[in-house]
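Q: model this:
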Amino acid sequence: GGMPAERYRLYHEEKAKGGIGLTLFGGSSAVSIDSPATFGQLDLSSDRVIPHLARFAGAIHTHGAHTFCQLSHAGRRTRWDVADWLPSVSPSHVREAEHRTFPKAMEDWDIERIVADYGQGARRCREGGLDGVELLFSGSHLPLQFFSPSTNRRQDGYGGTLANRMRFALEVVGEG
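A: The predicted model follows:
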């Protein structure tokens, strides 16, 4: 269901018991409903995750370790036919071959919404007692889709020059 389960918590708690200083969990945790937890990632798109994060962080902190969660939006790398059946989005309408998606080119309101979703995901992690977050800007996820001229064919302030293609990622960092 997109929430960190007991077995996952126990695994990270054992690492904390063993003396690790920081454990990072929740690889590619989804911050938006249009980037569903299709492949078993955590779902950070609603406040229902906060109590789960609090239990997770509490168990890790008991042993003197810290914990971060990785925030992400898969963009065109996600699937549309799961969860709420929302279209995948990307800077431009460029097919993603591996997952067979034809993403919707993001409109201004999509960009604003997803930037805000990153901020809300970070807030949920903070309210859940986590010590920090990692922003996934690689692995062909949405920020990298903005960086790359092969997936970003926009002609507005988010496309063209490298500075424009970096704008989305900088706005995400500024939102946190």
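Q: Work out the gap between stretch 61-69 and the centre of the chain.
A: 20 Å (CA atoms, centre = their mean, to the nearest Å).
Q: Would you mind extracting the C-alpha trace of that stretch into CSV?
A: C-alpha atoms of stretch 61-69 as CSV (Å, rounded to 0.1, in the frame of the first residue of the first chain):
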residue,chain,number,x,y,z
HIS,A,61,16.5,7.1,16.6
THR,A,62,16.3,4.7,19.6
HIS,A,63,19.6,3.3,18.5
GLY,A,64,21.3,6.6,17.9
ALA,A,65,21.1,6.6,14.1
HIS,A,66,19.6,9.1,11.7
THR,A,67,17.4,8.4,8.8
PHE,A,68,16.6,10.1,5.4
CYS,A,69,14.0,9.2,2.8
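Q: buried stuff in it?
A: For stretch 61-69, the neighbour count (16 or more other CB atoms under 10 Å) marks H63, A65, H66, T67, F68, C69 as buried. Every C-beta, even on glycine, is put in place using the N, C-alpha and C of the backbone.
Q: What of stretch 155-166?
A: Result for stretch 155-166 [16+ other CB under 10 Å]: buried residues Y158, G159, N164, R165.
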